[in-house]
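J.: using only what follows, build the 3D model:
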Amino acid sequence: MTTVRTITVIVAGLVAFMVGGGTHEWVPPLVPLVNARVVPTATHDVWAVTPYLPAYRPTPVVLRVADPTRVRIPAIGVDAPLVPLGLQGDGTMDVPVDFEAAGWYDDGPRPGEDGPAVIAGHLDSEVGPAVFFRLSRLHPGDEINVPHADGKNSTFVVTRVARFDKQEFPTADVFGPTIGPELRLVTCGGSFDFTRRTYRGNTVVFASLKSTQ
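T.: Residues are numbered from 1 along each chain as shown. Model (predicted):
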């Protein structure tokens, strides 16, 4: 378990998403974060996504869904590999090394399991657009496909696209409990801060599971 020393977590109660077939359980607090310290992306990666995350605790449970392997978004021409991501020592979410790859937060649900699966990717790099450059162009009704290692595919339908200042990142909406399987896609957004060499906001896409087959 990653320990986040720089945030205050208030546990108002625990909700366990019990899913069948392996050994993993995601137990988030109902009130995930208060007094979160926002860490400038320039401390480790000038193009990083860096939502500030709570210290969610993985504990043994059963899994129904195999590891995700790719993310495909036909409406914006995305077909990219997925890598597992965790938290860095300062409590910020890790980001893919490859600007053409996206990453899934593997301390939370896998795409297709109950709860919010989170996939993050870069907006751009110093040489041009990256994997989620067109993420903000998605609209409700657009589909997101996530193939799994066992050959199955989870299809999600976009319900909302929103942009937030980094200081107001909606941690509870992105990482908090949901009824049924959900998906969140996260990248940078808003204007660019040339002093800190980072974007001032994040674009978040919210989607709900249509099917896994």
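
J.: okay, CA-based contacts and neighbour counts for the rest of this
T.: Fine.

J.: list phi and psi for the nearest residue to Gly190 once chain neighbours are set aside.
T.: Leaving out its chain neighbours, the residue that sits closest to Gly190 by C-alpha to C-alpha, 6 or more residues apart in numbering is Gly201, at 5.1 Å. Dihedral pair for Gly201: phi -140, psi -170, per degrees, to the nearest 10.

J.: surely Asp173 is within a strand?
T.: No: using DSSP: H, G, I helix; E, B strand; the rest coil, the assignment for Asp173 is helix, not a strand.

J.: is it true that the residue nearest to Gly190 touches Phe164?
T.: Yes: taking C-alpha atoms under 8 Å as the definition, Gly201 is a contact partner of Phe164 at 5.3 Å.

J.: for these two, list the residues in contact with both.
T.: By the contact definition C-alpha atoms under 8 Å, 6 or more residues apart in numbering, Gly201 and Phe164 are jointly contacted by Gly189.

J.: which one's more surrounded, these two?
T.: Gly201 (23 against 16; other C-alpha atoms under 10 Å).

J.: OK, contacts around that one?
T.: Gly201 makes contacts with 163-166, 188-191, as judged by C-alpha under 8 Å, 6+ apart.

J.: please redo it, this time with the cut-off set to 7 Å
T.: By C-alpha atoms under 7 Å, 6 or more residues apart in numbering, the contact set of Gly201 is 163-166, 188-190.

J.: what are the bridge partners for it, then?
T.: In this entry, Gly201 is beta-bridged to Asp165, Gly189, by DSSP bridges.

J.: low-confidence ranges in the protein?
T.: 1-63 (pLDDT under 70).

J.: what ranges do the strands span in the protein?
T.: Ranges of strands within the chain are 25-27, 57-59, 70-73, 78-85, 102-105, 115-121, 124-125, 128-129, 143-147, 153-165, 181-193, 198-212, based on DSSP state E.

J.: adding distance to Val174, write those out as CSV.
T.: Formatted as CSV, the strands of the chain follow (distance: least, C-alpha to C-alpha, whole Å):
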stretch, distance to Val174
strand 25-27, 14
strand 57-59, 16
strand 70-73, 18
strand 78-85, 16
strand 102-105, 11
strand 115-121, 7
strand 124-125, 22
strand 128-129, 24
strand 143-147, 17
strand 153-165, 11
strand 181-193, 6
strand 198-212, 8
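
J.: now the residue sitting nearest the centre point of the chain. Nearest residue, chain neighbours left out?
T.: The structure's the chain has its C-alpha centroid closest to Val118; by C-alpha atoms, centre = their mean the separation is 2.6 Å. Distances taken as C-alpha to C-alpha, 6+ apart put Arg184 closest to Val118, at 4.8 Å, once the chain neighbours are dropped.
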